[in-house]
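Peer 1: need a structure here:
(chains A and B)
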Amino acid sequence: MVRRPWRLAAELAALVIAVVVAFPLYWMVLSAFKPAGEIESTNPRPWTLSPSLDSFRRLFQQEEFGRYFLNSVVVAVSVVLISSVIAFLAATAVTRFKFKFRTTLLIMFLIAQMVPMEALAIPLFFQMRDLGQLNTLGALILPHIAFSLPFAIWMLRGFVKAVPEALEEAAALDGASRTRFLWQILFPLVFPGLVATSVFSFISAWNDFLFAKSFIISDTSQSTLPMALLVFFKPDENDWGGIMAASTVMTIPVLIFFVLVQRRLVSGLGGAVKD
Amino acid sequence: MTHDITLSKPDGPTAAGRGPGGSAPGPRRVRKRPPGRRGPAWTPWLYLAPALVVLAALLAYPIYQLGLISFLEYTQAQVSGGEPTTFKGFGNYAELFRDEQFWQVLTATVVFAAACVISTLAVGCALAVLLTRIRAVPRLILMMASLGAWATPAITGSTVWMFLFDQDFGPVNKLLGLGDHSWTYDRYSAFALVLFEVVWCSFPFVMVTVYAGIRAVPSEVLEAASLDGASQWRIWRSVLAPMLRPILVVVTIQSIIWDFKVFTQIYVMTGGGGIAGQNLVLNVYAYQKAFASSQYSLGAAIGIVMLLILLAVTLVYLRLLRRQGEEL
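Peer 2: The predicted structure is shown next:
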């Protein structure tokens, strides 16, 4: 065991690091609540004496802000739900069946993870145009499903593998059909793994900045949160209060999601890599 | 013949400490299963169908198109139908490789990604070890702070770090007494600023994963080692490091992939690639070529170069996995 003075020093170091790590988020929220005059002070203070909602008011005065927020939620939730179900089925196939080309497929899923989505923005742009999806949320949802699938399948594999095969045999003896086993027994058992993978697909969809910028070009009512944030960047002088308020509103849903799944995420990562 | 021998042994050769996949040499044990359980041979393909359809339509086909465009003359004139599309062969690549800026951006991308990966791994691993040495409350505090950084979307993380380092209103310059020093004006300090943000939001993944890995090492193993008089360093080197190797490989590769593809941070923090493009990385460069100057074929060629580099990384990864005897 670690001796006491060393442990205390380590704990102190951990607390200092925690403060440093949390500081940007603290500064973001603080700046969002600072009144207009104070945020432009060249002598910034790490507190505020008169918290104000001005920046948030400016944010919600942007006509479409609520709409952007809703669009972001629709995109992220659709991506999470659809890719979870598809990845669950695929992960089951590659772990519980032996078939020709199984290894080839696994390698292809691995390679698919490497594909930089920014490079694919060019062909996807033409594809979405041909599919008539430009300026719709579909142009944001569809590519993100494809981009989060390979990682999700790869990660879920460990969870499906961990479910003993004997369970399946027992279920069969009890007369459960394969479909029933899949959804009523296997699905709940790998649910913690699905939660962990859904964190990654949620973040990738919620973060999306590039596709929103490139595929939603004329109909801004179909835009998402990052675009609402960009409004406050001005060539002459950035509206930092507005930027920080928009950033706060954009970060909080993810933070809530993280706190909710925190335990499962940590154990999930452990489970996925122990494999 | 050999089959019968293996079957009669209760444990089989898997007990030799190989992975759970049981990829030990020698004949496999025949599993008994109720007749008819496997179902028709196409069942796995039925399960795979949705994934394959999505990946074929939205990943494989776009990659094919990306390759195709990179061989064509494809600019705004062709997109709008004003001029016919012509085949250029390797012309775009030749043009790209002749361009001095391309080599500069390529070098910057590799060096920047390497710096990000090394810093992220160093910080993540060090803090994972620190987490194992402290009591529950400080551990929870550090874990929560890190999860907060991890949860922050790339675009908001970028804006907040920009604001922290703002030349007029940021607290960092004030704290360091730098006056109105601009971090984004100089090429290297602009890259450094982006690096700070990237490390900040990506070390938590490494930390949590490695921490989970260390916790999975049975405590008896560590106790036995320290009873045998092994030093802390020796325990780390001879006991922990080998057991953590698979995890370290995973987080390293994952970091390489993510950091090589950094886009949002550079785009937002350096205003699309810095003054006169001094902070461009391949990803942003490809995007600028394609969307800002409508040179779709050049952008596509850059994309293909990136794909090939990442493919090479993947192949190295696969070899490492194979050498560790992991069964796919």
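Peer 1: C-alpha only now, for contacts and for neighbours.
Peer 2: Will do.
Peer 1: Poorly predicted segments of the stretch 151-275 of chain A, please.
Peer 2: A:268-275 (pLDDT under 70).
Peer 1: residues from it in reach of chain B?
Peer 2: With CA under 8 Å from any CA of the partner chain as the criterion, the stretch 151-275 of chain A meets chain B at residues A:169, A:172, A:203, A:206-207, A:209-210, A:226, A:240, A:243-244, A:247-248, A:250-251, A:254-255, A:258, A:266-267, A:269-270, A:273-275.
Peer 1: now, which of those residues lie within strands?
Peer 2: Nothing among those maps onto strands, per DSSP state E.
Peer 1: buried subset of the residues you listed?
Peer 2: Buried by 16 or more other CA atoms under 10 Å in any protein chain shown: A:169, A:172, A:203, A:206-207, A:209-210, A:226, A:240, A:243-244, A:247-248, A:250-251, A:254-255, A:258, A:266-267, A:269-270, A:273-275, out of those.
Peer 1: close to chain A, is the longest helix along chain B?
Peer 2: Criterion DSSP state H: the longest helix present in chain B is helix B:100-132. Yes: for helix B:100-132, a contact with chain A is found by CA under 8 Å from any CA, at B:130-131.
Peer 1: quick one: buried residues of that helix?
Peer 2: B:102, B:105-106, B:108-110, B:112-117, B:119-125, B:127-128, B:130-131.
Peer 1: Of the residues of the stretch 151-275 of chain A next to chain B, which belong to helices?
Peer 2: A:169, A:172, A:203, A:206-207, A:210, A:226, A:240, A:243-244, A:247-248, A:250-251, A:254-255, A:258, A:266-267, A:269-270, A:273-274.
Peer 1: how deep is A:Arg4 tucked in, by neighbour count?
Peer 2: Neighbours of A:Arg4 under the rule other CA atoms under 10 Å in any protein chain shown: 9.
Peer 1: What does the pLDDT read for it?
Peer 2: Note on A:Arg4: pLDDT of 77.
Peer 1: mind checking how far it is from A:Glu11?
Peer 2: Applying CA to CA, to the nearest Å, the value for A:Arg4 to A:Glu11 is 10 Å.
Peer 1: Name the residues contacting each of the two.
Peer 2: Common contacts of A:Arg4 and A:Glu11 (CA atoms under 8 Å, 6 or more residues apart in numbering or on different chains): none found.
Peer 1: does chain A sit close to stretch B:309-316?
Peer 2: Yes: remark: stretch B:309-316 sits within contact range of chain A at B:310-311, B:314, by CA under 8 Å from any CA.
Peer 1: tell me which residues of that stretch are tucked away?
Peer 2: Residues B:310-311, B:313-314 are the ones in stretch B:309-316 that count as buried (16+ other CA under 10 Å).
Peer 1: Quick one: neighbours of residue 66, just the number.
Peer 2: In the absence of a named chain, this looks at chain A. Using other CA under 10 Å, A:Gly66 has 16 other residues around it.
Peer 1: I was thinking of chain B, sorry if that wasn't clear
Peer 2: Residues near B:Leu66, counting by other CA under 10 Å, number 25.
Peer 1: How about the contacts made by it?
Peer 2: If you count contacts by CA under 8 Å, 6+ apart, B:Leu66 has them with A:120, A:122-123, B:300-301, B:303-304.
Peer 1: Spit out the contact partners of A:Ile203.
Peer 2: A:76, A:254, B:151, B:153.
Peer 1: and the third one, how far is that from chain A?
Peer 2: Applying CA to the nearest CA, to the nearest Å, one obtains 6 Å for the distance of B:Ala151 from chain A.
Peer 1: ditto for the last one
Peer 2: B:Pro153 sits 5 Å away from chain A, going by CA to the nearest CA.
Peer 1: Next up, the contacts around the closest residue to that residue other than its chain neighbours.
Peer 2: Leaving out its chain neighbours, the residue that sits closest to B:Pro153 by CA to CA, 6 or more residues apart in numbering or on different chains is A:Asn207, at 5.2 Å. By CA under 8 Å, 6+ apart, the contact set of A:Asn207 is A:226, B:153-155.
Peer 1: In helices only, show me those residues.
Peer 2: Per DSSP H, the subset of those in helices is A:226, B:154-155.
Peer 1: Now render the residues you listed as JSON lines, adding distance to B:Arg187.
Peer 2: JSON lines is the format used below for these (distance: CA to CA, whole Å):
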{"residue": "A:Pro226", "distance to B:Arg187": "26"}
{"residue": "B:Ala154", "distance to B:Arg187": "21"}
{"residue": "B:Ile155", "distance to B:Arg187": "21"}
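Peer 1: Out of those residues, flag the one nearest to B:Ile141.
Peer 2: The shortest gap between B:Ile141 and any of those belongs to B:Ala154, at 22.5 Å (CA to CA).
Peer 1: who's in contact with residue 226?
Peer 2: The chain I'm using is chain A. A:207-209, A:212, B:155.
Peer 1: Wait, chain B was what I had in mind.
Peer 2: Neighbours of B:Ser226 in contact, by CA under 8 Å, 6+ apart: B:232, B:235.
Peer 1: mind listing what's buried in the helix or strand hosting it?
Peer 2: According to DSSP states H and E, B:Ser226 maps onto helix B:219-227. Applying a neighbour-count criterion of 16+ other CA under 10 Å, one finds B:222, B:225 buried in helix B:219-227.
Peer 1: Share the number of residues neighbouring A:Glu237, please.
Peer 2: Residues within reach of A:Glu237, counting by other CA under 10 Å, total 8.
Peer 1: can you tell me how far it sits from B:Phe169?
Peer 2: Going from A:Glu237 to B:Phe169 by CA to CA gives 12 Å.
Peer 1: what's the answer for B:Arg133, then?
Peer 2: According to CA to CA, B:Arg133 and B:Phe169 sit 38 Å apart.
Peer 1: Over to A:Met117?
Peer 2: In terms of CA to CA, A:Met117 sits 34 Å off from B:Phe169.
Peer 1: same question, A:Gly242
Peer 2: A:Gly242 is 14 Å from B:Phe169, where distance means CA to CA.
Peer 1: neighbour count winner among the two?
Peer 2: A:Gly242 (26 against 20).
Peer 1: my guess is the more buried one meets A:Gln61, correct?
Peer 2: No: the criterion here is CA atoms under 8 Å, and A:Gly242 misses it with A:Gln61 at 11.0 Å.
Peer 1: picking up where we left off before, and the longest helix of chain B, what's its mean pLDDT?
Peer 2: When pLDDT is averaged over helix B:100-132, the result is 96.
Peer 1: continuing past that helix, what's the next helix or strand?
Peer 2: Counting by DSSP H and E, what follows helix B:100-132 is helix B:136-151.
Peer 1: can you list contacts of that following helix?
Peer 2: A:11, A:14-15, A:17-19, A:21-22, A:25, A:203, A:251, A:254-255, A:258, B:131, B:200-205.
Peer 1: Out of the residues you listed, which sit inside helices?
Peer 2: Reading helices off these with DSSP H, I get A:11, A:14-15, A:17-19, A:21-22, A:25, A:203, A:251, A:254-255, A:258, B:131, B:200-205.
Peer 1: Fine, thanks again, bye for now.
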